[in-house]
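Participant: Model the following, please.
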Amino acid sequence: MSLEVIMSWTFMSECPVPSDVQNILVESEQPVVAYKTLRDVAVVTNKRIIVADRQGITGKKVEIYTIPFKSIVMYSSENTGVLDFNAELELWTRAGKFKLRLGRGVDVRKLDQIIAQYIL
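Facilitator: So this is what the prediction gives:
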C-alpha cells in the first residue's frame, strides 16, 4: 500500500486543550489531548484529530483539518531511535495518507493508544 503523503504536521509537545475548540465539537464529542504544532494546536478528541493551520503573516486566517477516526483504515507508529529526534505516526485513510511527526515532548505510545482505542 504505497500512497504518497498528502499532508503532514509536526506535533511538538503536549499542551492544554484550547477553550475555543468547544465551538467546533459535535454532540457527545470530547477532547482527549492537545499538542502544540509549529504555528497552532492540534486536538485529539474521541471522534477525530483536528489540526488548525494559521495562514498568512498575521495568522488571522485559520484552516481547520479533520481526520475522522472512522476514516482511518490502517496506521503505523514509529518511536525515536538513537539518531532520530522525531517519532512518527502514519495514518492511511480513505482520502489518502497523513503523517504526524512527533517531537520529543510527545509520548508516541500514549497517542498510539488513544488512536487505537477509538478506531478498533
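Participant: Now Ser76: closest residue in space that isn't a chain neighbour?
Facilitator: Among residues not flanking Ser76 along the chain, Glu90 sits closest, at 4.9 Å (Cβ to Cβ, 6 or more residues apart in numbering). C-beta: built from backbone N, CA, C; applies to glycine.
Participant: now that neighbour, what's its secondary structure?
Facilitator: Reducing the assignment to helix, strand or coil with DSSP: H, G, I helix; E, B strand; the rest coil, the entry for Glu90 is strand.
Participant: Check the secondary structure at Ile70 for me.
Facilitator: For residue 70 the amino acid is Lys, not Ile. Each residue gets one of three states, and Lys70 gets helix by three-state DSSP.
Participant: make that Ala95, sorry
Facilitator: Going by three-state DSSP, the secondary structure assigned to Ala95 is coil.
Participant: Relative to Leu91, how far out is the nearest residue to it once chain neighbours are set aside?
Facilitator: Computed as Cβ to Cβ, 6+ apart, the closest residue to Ala95 that is not its neighbour in sequence is Ser71, at 6.6 Å. Using Cβ to Cβ, to the nearest Å, we find Ser71 at a distance of 9 Å from Leu91.
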